[in-house]
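[1] The following comprises the amino acid sequence and a computationally predicted model.
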Amino acid sequence: MPSRPVRIGLTLGDPSGIGPELVAKVMHGREFPADVAIVVIGDATILESGMRAAGITFEVPIVSDPDAASFVPGQPVLLQFPTAGTGPIAVGEVSEAAGRSAFETLRFTVDLARSGRIDGFVYAPLNKQALHLGGCPYSSELEYFKSAFDCTDGENELNVLDGIWTTRVTSHIPLADVAAAITRESVLVTIRYIDDVLKKAGRARPRIAVTALNPHAGENGLFGREEIDVILPAIEDARTLGITADGPYPADTIFLRVRDGSYDGVVSMYHDQGQIAMKLIGFERGVTVAGGMPVPIATPAHGTAHDIAGRGIANTGAITEAIRVVCAMVAARAG
């Protein structure tokens, strides 16, 4: 932990979506821990558009040099990073200009984190199509983070909701390819990964539940042998490493076990096994964490919500929770 106050970056996200409105509401309502310095990163004109959408107005100190500025806990500032020159941006529409603004701001924020000027950051929702149009050469922001922070392919995103952490063995691949991608090694790597991230988030001995792939956990091989030949051996491998891991549990009931407090984290086999359950439990509170990075990084689990952008009705629950999660991770890493 640095001797100075903890600094958490907060970007405005895609300027055509609800990000600027969310950040404006968070700043205006002081929806963040009072003992950290919140550094909003982006273009002042975009933050002003968020204020207009939210129907609020307030003064915010604007600084241009992160080394010369004084960052005070409980008093957010805007670190001006001008991107208005990327072109006209229409609220509610995917565009090259919006994507370029978002990606350039994200790169600047990552540079701040790499140099130690901020201790972690939360980025407001991004749009992958806009990022691509705006010049981002990566398939997602997570792939960009892996490259920028020189991380391995083992890092993955996690979702956090009401103290439940989830990740998955496979992610953005066709459902038809899932079974072939699930191996003893990939399951073990994922179990070890969530165990490590949970420890860095302050859980001394994480309890991890692992889902099955097939209905009824395969019914002893009747509906498939992945549970017998792949998933259970990987769980046993994890236990030999001192990890508390159980399963494989049927995917349709595993979250009943988790919600009663029996487990801290869930490893699912593919994208929708975990995502559907988490979003039903609390869509407007979910957080996505870019795990395995040298600094804590999180974002709301929802998207840019172009359908409601500019209308002033965006809910700040998820971005507020993302800030809380990043702050907790910074504190846990400091010991």
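    Thanks, I have it.

[2] check contacts around Gly163.
    Contact partners of Gly163, counting by Cβ atoms under 8 Å, 6 or more residues apart in numbering, are Asp264. C-betas here are computed from N, CA, C, even on glycine.

[3] at 10 Å instead, please
    203, 258-259, 261, 264-265 (Cβ atoms under 10 Å, 6 or more residues apart in numbering).

[4] Show me the one in those residues that has more neighbours than the rest.
    The residue in the contacts of Gly163 with the most neighbours, by other Cβ atoms under 10 Å, is Gly265 (26 neighbours).

[5] Show me the beta-bridge partners of that one.
    Per DSSP bridges, residues listed as beta-bridge partners of Gly265: Trp165, Ile208.

[6] that older thread, so which pair among the contacts of Gly163 is furthest apart in space?
    Comparing every pair within those by Cβ to Cβ identifies Arg203 and Arg259 as the most remote, at 16.8 Å.

[7] with the contacts of Gly163 in mind, which one is nearest to Leu222?
    Nearest to Leu222 among the contacts of Gly163, with distances taken as Cβ to Cβ, is Val258, at 25.8 Å.

[8] Am I right that that closest one sits in a helix?
    Yes - counting by DSSP: H, G, I helix; E, B strand; the rest coil, Val258 falls inside a helix.

[9] Show me what counts as buried in stretch 141-156.
    141-142, 144-146, 148-149, 151, 155-156 (16 or more other Cβ atoms under 10 Å).

[10] Those in helices, which ones?
    Secondary-structure check on the buried residues of stretch 141-156 using DSSP state H: residues within helices are 141-142, 144-146, 148.

[11] where does the stretch 1-150 of the chain dip in pLDDT?
    Of all residues in the stretch 1-150 of the chain, those with pLDDT under 70 make up the ranges 1-3.

[12] can you give me the strands for it?
    With DSSP state E, counting those that start in this stretch, the ranges of strands along the stretch 1-150 of the chain come out as 7-11, 37-42, 62-63, 77-80, 120-123.

[13] Distance to Ala181 and mean neighbour count added to the ones you listed, as a markdown table?
    A markdown table is the format used below for these (distance: least, Cβ to Cβ, whole Å; neighbours: other Cβ atoms under 10 Å):
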| stretch | distance to Ala181 | mean neighbour count |
| --- | --- | --- |
| strand 7-11 | 32 | 26 |
| strand 37-42 | 36 | 25 |
| strand 62-63 | 46 | 14 |
| strand 77-80 | 41 | 21 |
| strand 120-123 | 28 | 26 |
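
[14] Let's have those strands in TSV, adding distance to Arg107.
    Conversion of the strands of the stretch 1-150 of the chain to TSV gives the following (distance: least, Cβ to Cβ, whole Å):
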stretch	distance to Arg107
strand 7-11	11
strand 37-42	11
strand 62-63	19
strand 77-80	14
strand 120-123	11
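
[15] Out of these, flag the one nearest Arg207.
    Of all these, it is strand 120-123 that lies closest to Arg207, at 25.1 Å by Cβ to Cβ.

[16] Against which helices or strands is that closest one packed?
    In terms of contacts (3 or more Cβ pairs under 10 Å, 6 or more residues apart in numbering; DSSP states H and E), strand 120-123 is packed against strand 7-11, helix 19-29, strand 37-42, helix 96-114, strand 287-290, strand 297-300, helix 317-334.

[17] Contact partners for Asp65?
    Residues in contact with Asp65 (Cβ under 10 Å, 6+ apart) are 79-80.

[18] Quick check: bridge partners of the residue nearest to Phe121 when sequence neighbours are not counted?
    The spatial neighbour of Phe121 that comes closest, neighbours along the chain excluded (Cβ to Cβ, 6 or more residues apart in numbering), is Gly9 at 3.3 Å. In this structure, Gly9 has beta-bridge partners Val39, Phe121, where bridges are defined by DSSP bridges.

[19] Gly9 contacts Val39, correct?
    Yes - if you go by Cβ atoms under 10 Å, Gly9 and Val39 touch, sitting 5.1 Å apart.

[20] which neighbours do the two share?
    The contact sets of Gly9 and Val39 overlap at 66, 79, 109, 112, 117-119, 121 (Cβ under 10 Å, 6+ apart).

[21] Of the residues you listed, which pair is most distant in space?
    Pairwise across the shared contacts of Gly9 and Val39, and taking Cβ to Cβ, the largest span is found between Leu79 and Asp119, at 14.2 Å.

[22] returning to that earlier point: in a markdown table: the buried residues of stretch 141-156, plus distance to Met329.
    Written out in a markdown table, the entries for the buried residues of stretch 141-156 read as follows (distance: Cβ to Cβ, whole Å):
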| residue | distance to Met329 |
| --- | --- |
| Glu141 | 18 |
| Leu142 | 16 |
| Tyr144 | 20 |
| Phe145 | 15 |
| Lys146 | 18 |
| Ala148 | 18 |
| Phe149 | 15 |
| Cys151 | 16 |
| Glu155 | 15 |
| Asn156 | 16 |
